[in-house]
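[1] Attaching a predicted model along with its sequence, questions to come.
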Amino acid sequence: MSMIVAERLTKQFPGESRMAVAQVSFQVEPGELVVLLGPSGCGKTTLLKLVNRLYEPSAGTLLIEGVDVRSMPATALRRRIGYAIQQTGLFPHLRIEQNIAVVPRLLGWERQRIEARIDELLDLVGLPRSYRRRYPRQLSGGEQQRIGLARALAADPAIMLMDEPFGALDALTRTRLQDELLAIQRQLRKTILFVTHDVEEALRLADRIIVMREGRIVQFDTPLNLLTRPHDAFVRQLTGADDLLRHLSLMTVAMALTPGTPPASIANLPPLAPQDDLRTALVRLLATKAEGLPVGSNGQAQGWLSLAVLRQMLGEI
Ligand SMILES: Nc1ncnc2c1ncn2[C@@H]1O[C@H](COP(=O)(O)OP(=O)(O)OP(=O)(O)O)[C@@H](O)[C@H]1O
């Protein structure tokens, strides 16, 4: 059963002539990370808030695990859905541990269970347990964002809504948090709706991307399909579908692997990992000026990446 089903979901704010979200229909499957992508004002945040009922729809329906959300109390629904936002929404006067524990407390968890959960979540988001006693202002922006994520995950919700959670961070911190989110997602397999207007972020994170424009869905597709089969000029321009390097960043070394023993001339060069993206691999290849690089993990070569093969692939896309 689909985790989230929207049917002609619509939001028109009072006094506004335009619909912020206009008859939007889509389905999200369990464990998918779906990114909502589009220019400022296209309705991404409004759509997210319709899912956890911070906004009530003007028309249309929303089903979560087959149940119409209108049949549940909004507060109960929100406790079942994790929510992480750019401004973190951390309570400044509460310690980190209290911030993380907000929803479990509301759900009436026992103290011991909450204490264990706080430690577990700090480990998960890569922060020391000693941070428990700190206040949000004693953390960096990136660390606060991690706490926001930990808090959203606290009661182990099946669904996570994330609204530009890494928007305010510098590029390096942002990339690191994206990687960590992907690692956490591989482990936990939440159903995630993630809002961004950053195309790179969308392409890196998404299983599928909903491209929005003026309240409507223009295309709902995999990153690769958005690039190779953009629905129209708007999508093509938004995703930079003509950009070869972007294509490469969506493919992994494993896709271009030549199996077998690497040539002796390159055998001792630092290896690539099969899950590395081809854009990174190309940069490393060009920097080493070698004909290829070994590919392997844990000291075991699985094969090699040949510059000639990569050149050929570039010619084909
Ligand atoms: N509370 C509100 N009252 C009236 N209009 C609103 C309200 N919230 C949003 N809107 C309007 O609805 C439209 C969609 O806004 P929304 O915040 O969903 O866009 P967005 O895609 O998330 O944009 P951004 O990337 O800038 O955050 C905009 O035209 C906005 O002005």
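    Nice, thanks for sending it over. Numbers count the residues shown, from 1 in each chain.
[2] gap between residue 18 and the ligand?
    Distance, residue 18 to the ligand, by CB to the nearest ligand atom, to the nearest Å: 7 Å. C-beta coordinates here come from the backbone N, C-alpha and C atoms, glycine included.
[3] Surely that residue is in contact with residue 215?
    Yes: using CB atoms under 8 Å, residue 18 is in contact with residue 215, at 7.1 Å.
[4] These two: which has the busier surroundings?
    Remark: of residue 18 and residue 215, residue 215 carries more neighbours, 22 against 11, as counted by other CB atoms under 10 Å.
[5] Relative to residue 197, how far out is the spatially closest residue to the more buried one that is not a sequence neighbour?
    Among residues not flanking residue 215 along the chain, residue 22 sits closest, at 3.8 Å (CB to CB, 6 or more residues apart in numbering). Distance of residue 22 to residue 197, computed by CB to CB, to the nearest Å: 19 Å.
[6] same check, this time on residue 21
    Computed as CB to CB, the residue 21 to residue 197 distance reads 16 Å.
[7] ok, these two, which is more surrounded?
    Of the pair residue 21 and residue 197, residue 21 is the one with more neighbours under other CB under 10 Å, namely 29 against 18.
[8] what sits against the closest residue to the ligand within the stretch 151-300 of the chain?
    Ranked by CB to the nearest ligand atom, the top residue of the stretch 151-300 of the chain for proximity to the ligand is residue 197, at 4.8 Å. Residue 197 makes contact with 37-40, 44, 164 under the criterion CB atoms under 8 Å, 6 or more residues apart in numbering.
[9] The ligand contacts on the stretch 51-200 of the chain?
    Contacts of the stretch 51-200 of the chain with the ligand, taken as CB under 6 Å from any ligand atom, map to residue 197.
[10] Any idea how many residues pack against residue 4?
    Residue 4: 22 surrounding residues under other CB under 10 Å.
[11] Please name the nearest non-neighbouring residue to it.
    Residue 4 sits nearest to residue 28 (CB to CB, 6+ apart), 4.2 Å away.
[12] re earlier: buried ones only from the contacts of residue 197, please, as a ChimeraX command.
    To isolate the buried subset of these in ChimeraX, counting by 16 or more other CB atoms under 10 Å, use the following:
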select :37,38,44,164
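[13] May I see the contacts of residue 197 organised as TSV, with pLDDT and secondary structure added?
    Below are those laid out as TSV (pLDDT from 0 to 100; DSSP: H, G, I helix; E, B strand; the rest coil):
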residue	pLDDT	secondary structure
37	96	strand
38	94	coil
39	91	coil
40	91	coil
44	95	helix
164	92	coil
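[14] any idea how far stretch 129-142 is from the chain center?
    Computed by CA atoms, centre = their mean, to the nearest Å, the chain-centroid distance of stretch 129-142 equals 23 Å.
[15] meant to ask about stretch 178-185
    8 Å.
[16] Also stretch 57-74?
    Using CA atoms, centre = their mean, the offset of stretch 57-74 from its chain centre is 24 Å.
[17] so where do the helices sit in the protein?
    Secondary structure of the chain (DSSP state H): helices at 44-51, 74-79, 96-100, 102-106, 111-124, 141-153, 171-188, 199-205, 223-228, 233-239, 244-249, 278-288, 307-316.
[18] Any chance of a markdown table for those helices, columns distance to residue 12?
    Below are those laid out as a markdown table (distance: least, CB to CB, whole Å):
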| stretch | distance to residue 12 |
| --- | --- |
| helix 44-51 | 10 |
| helix 74-79 | 19 |
| helix 96-100 | 35 |
| helix 102-106 | 31 |
| helix 111-124 | 38 |
| helix 141-153 | 28 |
| helix 171-188 | 33 |
| helix 199-205 | 26 |
| helix 223-228 | 28 |
| helix 233-239 | 23 |
| helix 244-249 | 35 |
| helix 278-288 | 42 |
| helix 307-316 | 46 |
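[19] what about the ones you listed, which gets the closest to residue 3?
    With CB to CB as the criterion, residue 3 lies closest to helix 44-51 of these, at 10.5 Å.
[20] what sits up against that closest one?
    Counting by CB under 8 Å, 6+ apart, 4, 6, 9, 11, 20-21, 24, 36-38, 55-57, 62, 64, 69, 81, 159, 161, 163, 193, 195, 197, 212 sit against helix 44-51.
[21] Quick one: closest of the helices of the chain to residue 86.
    helix 141-153 (8.2 Å).
[22] For burial, what's the neighbour tally of residue 128?
    Using other CB under 10 Å, the number of residues around residue 128 comes to 10.
[23] start the count at 51, not 1, going forward
    Sure, I'll start numbering at 51, so the last one becomes residue 178.
[24] Now do the contacts for it.
    Per CB under 8 Å, 6+ apart, neighbours of residue 178: residue 172.
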